[in-house]
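K.L.:
Turn this into a structure:
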Amino acid sequence: MNDTYALSAILVMAAVTALLRFFPFLVMGNKKTPGYVEYLGKVLPYAVMAMLVVYCLKGVDFTHMPFGICEIISVLIVVGVHVWKRNTLLSIILGTSCYMLLIRIM
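P.N.:
All right, here's what the predicted structure looks like:
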């Protein structure tokens, strides 16, 4: 594959990505955001986080040693930090760091 082909592929992908991101603003213009979009903006982040928690915990075996202790502690850290600081990124970073540390020492 030559450099011209790779560069043109990257430029086309960038243009399509930009167009897809600008499209709603071009269509809506200065209109007020519909109520259902505002509702989804409030509800979807929590729904996505809940799905991620279910996905992450689906393979945990709570019947055999270590009984999912690493996962439970990490989830509690994420919830505690999020309730305390209301910072999603900080919660995820601390929870992931805690989990990685716990699986190494247990």
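K.L.:
burial count for residue 74?
P.N.:
22 (other C-beta atoms under 10 Å). No exception for glycine: its C-beta is placed from N, CA and C like everyone else's.
K.L.:
Name all residues that make contact with it.
P.N.:
95, 96, 98, 99, 102 (C-beta atoms under 8 Å, 6 or more residues apart in numbering).
K.L.:
Tell me the buried residues within those.
P.N.:
95, 98, 99, 102 (16 or more other C-beta atoms under 10 Å).
K.L.:
Including distance to residue 86 and secondary structure, could those go into a markdown table?
P.N.:
Below are the buried ones among the contacts of residue 74 laid out as a markdown table (distance: C-beta to C-beta, whole Å; DSSP: H, G, I helix; E, B strand; the rest coil):
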| residue | distance to residue 86 | secondary structure |
| --- | --- | --- |
| 95 | 15 | helix |
| 98 | 19 | helix |
| 99 | 21 | helix |
| 102 | 24 | helix |
